[in-house]
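Enquirer: Need a 3D model of the sequence below.
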Amino acid sequence: MSLGFSVDELLPRARGGGQLKMGLVSLSEDEWLQRNPDLSARKAGFAAHPGGILLTREADAPGEELAQMLGLNGSLPEAAMAHHEDMCLLTRRADEDEYRLIGAAVAWPTDWHPKDKMGLPLSAMHAPIQGYAQQLASGVDHFMAKLKPGRIFGRCNWFITPTSDMRWIADSAPDVAFSHVTADNAGDTLFIRSERQTLRRLPETGAILFTIGVYVARLGSLMQSNVSILAAAMESLLQGEGDRRGAPHYAAALTGFAAQREGNAA
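Expert: All right, here's what the predicted structure looks like:
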């Protein structure tokens, strides 16, 4: 089973709460990037937030290699502007074990700014994620070191947000952002944000390209099976990353909505 290009397709394979795991699947070249992207939306996203593009000198050669591989002139920014996916480049220095972020072209971030992550190793980049160092860091480092050119791997996750905006920066406290959400209106006021992430190594420079395709859907628009998945995940989310994700302020509304909809369908 491969990864799709919508929230409904991604949710059954996506991680959102519970034990941290990479959850990778192998992708073919045809399954790598979304076809027929909305390039006007991409251009507008980058124009509105130029700080989403940040490059170090280490990104010059890998960025040019990436652009050439995609049949483009330019570097990392041109590659990201020509596709639905945001794109990041990572390399490992000769005297280090971890990969570092060396370039980012991110129009639609999920609550992060490239300026805060640039140059950091993976462990520091993921420090806010509860359990990353204990449960996932060594596995990620091993995977990155062994990734061979030509192979493409993907994974996905999900978040609950109070907005349908493609760019999501949580600039309000969760108790404020979700204060309007109830079981009766959650179908219209809660949005599911799923990131379709892929990893592949560039053959010439050896840098790793990390792509992030963002998909957003209103909770009430999802298939019933996916609403049930989200409701079932609330308990484990509250016991793990709930505070970071704001779950205490929407979990009851989401599970209440799911129960109402299931009852109406019966």
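
Enquirer: Look up which residues are beta-bridged to the residue most central in space within the chain.
Expert: Nearest to the mean C-alpha position of the chain, counting by CA atoms, centre = their mean, stands Glu195 at 3.3 Å. Glu195 has these beta-bridge partners by DSSP bridges: Asn157, Val214.

Enquirer: That one and Gly23: what is the separation?
Expert: Taking CB to CB, to the nearest Å as the measure, Glu195 falls 12 Å from Gly23. To be clear about C-beta, it is placed using only N, CA and C from the backbone, and glycine gets the same treatment.

Enquirer: where do the contact lists of the two overlap?
Expert: The overlap between the contact sets of Glu195 and Gly23 (CB atoms under 8 Å, 6 or more residues apart in numbering) consists of Cys156.

Enquirer: a strand runs through Gly154, doesn't it?
Expert: Yes: counting by DSSP: H, G, I helix; E, B strand; the rest coil, Gly154 falls inside a strand.

Enquirer: measure it to Phe5 for me?
Expert: Applying CB to CB to Gly154 and Phe5 gives a distance of 11 Å.

Enquirer: So which of these two has more stuff around it?
Expert: Between Gly154 and Phe5, Gly154 has the larger neighbour count (other CB atoms under 10 Å), namely 22 against 15.

Enquirer: On the pLDDT front, check that one for me.
Expert: Note on Gly154: pLDDT of 94.

Enquirer: Show me what the one helix or strand Thr198 maps to is packed against.
Expert: Assigned by DSSP states H and E, Thr198 belongs to strand 191-201. Applying 3 or more CB pairs under 8 Å, 6 or more residues apart in numbering; DSSP states H and E, one finds that strand 191-201 contacts helix 7-10, strand 152-161, strand 208-218.

Enquirer: So which residues make contact with the shortest one?
Expert: Applying CB under 8 Å, 6+ apart, the contact partners of helix 7-10 are 3-4, 156, 158, 192-194, 196, 215-217, 222-223, 226.

Enquirer: Give the buried subset of those as a ChimeraX selection command.
Expert: Of the contacts of helix 7-10, the buried ones go into a single ChimeraX selection, burial set by 16 or more other CB atoms under 10 Å:
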select :3,4,156,158,192,193,194,196,215,216,217,222,226
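
Enquirer: Could you export the contacts of helix 7-10 to TSV, including columns for distance to Ala61?
Expert: Formatted as TSV, the contacts of helix 7-10 follow (distance: CB to CB, whole Å):
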residue	distance to Ala61
Leu3	29
Gly4	33
Cys156	30
Trp158	35
Ile192	38
Arg193	33
Ser194	32
Arg196	27
Tyr215	31
Val216	34
Ala217	38
Leu222	42
Met223	44
Asn226	42
